[in-house]
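> predicted coordinates and the sequence they were generated for:
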Amino acid sequence: MSNELNQRNKAKVWDYWQKLNHVGVENVPAVVRAAVHDDVDWNGSAPIDQLRGADNLISGFWLPLMRSFPDIKIRPYVFMGGIESGVSEWGGEAGSEWVSACGYLIGTFVNDWLGIPATGIKTNIWFGQFYRMVEGKIAASYVQYDVLSVAQQAGYQVLPPSPGFDGGKIPGPVTKDGILHTEQDPLESRKTMQIVQAMGDGLMRYVRERDGGDMGRMEQYHYWSPDMKWYGPSGIGGCFTLDEFEDFHQRNWLYGFGDRQLDAETERGGVGVGFISEGMYACGGIWDMAFSYNHGDYAGIPATGKLMTMRDFDWYRREGDYLVENWVPIDMIDLCRQMGVDLMERLRQQIELRKSGAPGFW
C-alpha cells in the first residue's frame with residue numbers, strides 16, 4: 001500500500017507542476033488551491049522565508065514570480081518520493097509522505113524579482129524542494145532557490161567568488177534517469193539509504209577540537225567514488241572529485257563551523273525533512289535546525305561565535321557501492337544574515353553603485 005500511495009503522491013505533484021507550466025498567470029490561483037491545503041505551511045529560502053496559507057502562497061510567491069518570469073517552466077532532473085522511516089539522526093517524522101525534486105525554474109526575466117533587476121533574458125533558477133503530502137494534497141513545502149545565482153546572472157556578485165566551479169547550469173544526473181515516475185526496486189532503495197547513513201556516520205566521527213584540518217577520521221573514501229560530483233550553491237560552487245570536495249568546500253566549512261555533535265543540552269529545533277530513498281537515489285534535509293557554532297571566518301565574514309541554524313538539502317545518486325553525485329542547495333542568504341551580513345542589502349548597494357556609474361562589487 002505504501003508504494004501505491006507514493007506513486008499517487010508523485011503523480012499529483014507532477015500534474016500540479018505541468019498545470020503551472022501551461023495555464024498562464026491568471027489561472028495560477030485556482031491551480032495552487034486545488035493542489036495545496038488551505039492552511040499549507042510553505043517555507044522558502046531567504047529573503048522569502050515562511051508563507052502560511054494558500055492565499056499567502058499565491059500572493060506572496062507564485063504571482064510575483066510569474067509576473068517576473070511570465071513564461072517560467074519547472075524543469076526537475078531528480079523527482080522522487082517515499083514514506084519516511086524516521087531513521088535519521090536529524091529527526092523527521094516516521095510515516096510522513098514526501099515528494100521531492102531538484103532542478104531548475106527557467107524563464108525570461110522581464111520584471112524585477114526580490115529586488116534583482118530584470119535582464120530581459122532567459123534565466124535559470126536552481127531549486128530543491130520537499131513536499132509533505134497529507135490525503136493527496138500538499139500540507140507543507142520546504143524549497144530553496146539559488147537567489148544569488150539569479151543575481152549573478154543579472155551581473156551582481158554579493159559573495160566572494162566560489163571556491164569550487166561556478167557559472168552556467170548545475171547539471172542533472174549523468175545517467176539522465178532521475179525522474180522516478182515508476183516503482184523502484186526496494187532492495188536497491190534500501191542499499192542506497194544504508195550507504196548514505198554510513199557516510200553520515202563517518203562525518204560524525206570528526207571532532208573539531210581534536211582533528212582541525214585533518215579529515216581522515218571521516219574515511220569518506222569508503223562511501224564516495226573518487227570521481228564523485230558535488231554541486232553546491234552560489235558562494236560554494238561545484239566540486240568534481242572527492243579531493244576537490246575536501247579542498248574547496250569541506251575544509252572551509254569545518255574551519256567556519258565544524259561541530260558534528262552539539263552539546264547534549266543544545267536544542268536543535270527546526271525540521272528534519274524528507275529522508276527517503278528510491279532505487280539509486282536518496283534525499284533529505286534540515287530546515288532551521290541548529291548544526292554548529294560559528295567558530296571561524298567563512299565566505300569573508302568574521303566569526304561570530306553564535307549557534308547557527310541551517311537550511312540544507314541533499315539529493316544523492318549511487319552507482320554500485322559508492323555515491324557518485326550529490327546536489328546540495330544551501331540557503332546562503334539565511335546563513336550569512338545569521339553572521340550579521342545582509343546579502344540583499346549588499347545587492348541594493350551594488351545596484352545603486354551601478355546606477356551612479358561607480359565600479360566595485362561591495
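Received, thanks. Numbers count the residues shown, from 1 in each chain.

> C-alpha only now, for contacts and for neighbours.
OK.

> got any ranges where the chain has weak pLDDT?
For the chain, the stretches with pLDDT under 70 are 1, 86-92, 264-265, 359-362.

> that one: helices as residue ranges?
2-22, 28-35, 54-57, 63-68, 147-153, 186-203, 208-211, 242-244, 251-256, 332-338, 343-356 (DSSP state H).

> return the most buried member of those helices.
Stretch with highest mean neighbour count among the helices of the chain: helix 147-153 (a mean of 21; mean count of other Cα atoms under 10 Å).

> chain center to that helix: distance?
15 Å (Cα atoms, centre = their mean, to the nearest Å).

> format the CA atom coordinates belonging to it as PDB.
Once non-C-alpha atoms are left out, helix 147-153 reads as follows in PDB (Å, rounded to 0.1, in the frame of the first residue of the first chain):
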ATOM      1  CA  VAL A 147      18.700  33.600  -5.400                       C
ATOM      2  CA  LEU A 148      22.400  34.600  -5.500                       C
ATOM      3  CA  SER A 149      22.700  32.800  -8.900                       C
ATOM      4  CA  VAL A 150      19.900  34.900 -10.300                       C
ATOM      5  CA  ALA A 151      21.700  38.000  -9.100                       C
ATOM      6  CA  GLN A 152      24.900  36.700 -10.700                       C
ATOM      7  CA  GLN A 153      23.100  36.200 -14.000                       C
END
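
> surely residue 121 meets residue 106?
No - Residue 121 lies out of contact with residue 106 (Cα atoms under 8 Å); the separation is 10.4 Å.

> tell me which of those two has more neighbours.
Comparing residue 121 with residue 106 by other Cα atoms under 10 Å, the one with more neighbours is residue 106, at 17 against 13.

> how close does that one sit to residue 29?
Separation of residue 106 from residue 29 (Cα to Cα, to the nearest Å): 20 Å.

> one step back: of all the helices of the chain, which lies closest to residue 133?
Relative to residue 133, the nearest member of those by Cα to Cα is helix 2-22, separated by 7.1 Å.

> so how far is that closest one off the chain centroid?
20 Å.

> for that helix, packing partners?
Here helix 2-22 touches helix 28-35, strand 73-83, strand 97-108, going by 3 or more Cα pairs under 8 Å, 6 or more residues apart in numbering; DSSP states H and E.

> may I see the buried residues of the second one?
To tie it back to what came earlier, the one meant is strand 73-83. 73, 74, 75, 76, 77, 78, 79, 80, 81, 82, 83 (16 or more other Cα atoms under 10 Å).

> between these, which is closest to residue 93?
Scanning those for proximity to residue 93, where the rule is Cα to Cα, the winner is residue 83, at 9.7 Å.

> wait, isn't that closest one in contact with residue 96?
Yes - here residue 83 reaches residue 96: they are 5.6 Å apart, a contact under Cα under 8 Å.

> for residue 215, what are its contacts?
206, 251 (Cα atoms under 8 Å, 6 or more residues apart in numbering).

> mind doing that once more with 10 Å?
203, 205, 206, 207, 208, 246, 250, 251, 254 (Cα atoms under 10 Å, 6 or more residues apart in numbering).

> out of those, flag the one nearest to residue 279.
Once Cα to Cα is applied, the member of those that ends up nearest residue 279 is residue 203, at 23.4 Å.

> could you measure from the residue nearest to residue 136 when sequence neighbours are not counted over to residue 82?
Closest residue to residue 136 apart from its sequence neighbours, by Cα to Cα, 6 or more residues apart in numbering: residue 9 at 6.0 Å. According to Cα to Cα, residue 9 stands 9 Å off from residue 82.

> give the residues shared as contacts by these two.
With Cα under 10 Å, 6+ apart, residue 9 and residue 82 have common neighbours 3, 97, 98, 99.

> and for the last one, the neighbour number?
Residue 99: 26 surrounding residues under other Cα under 10 Å.
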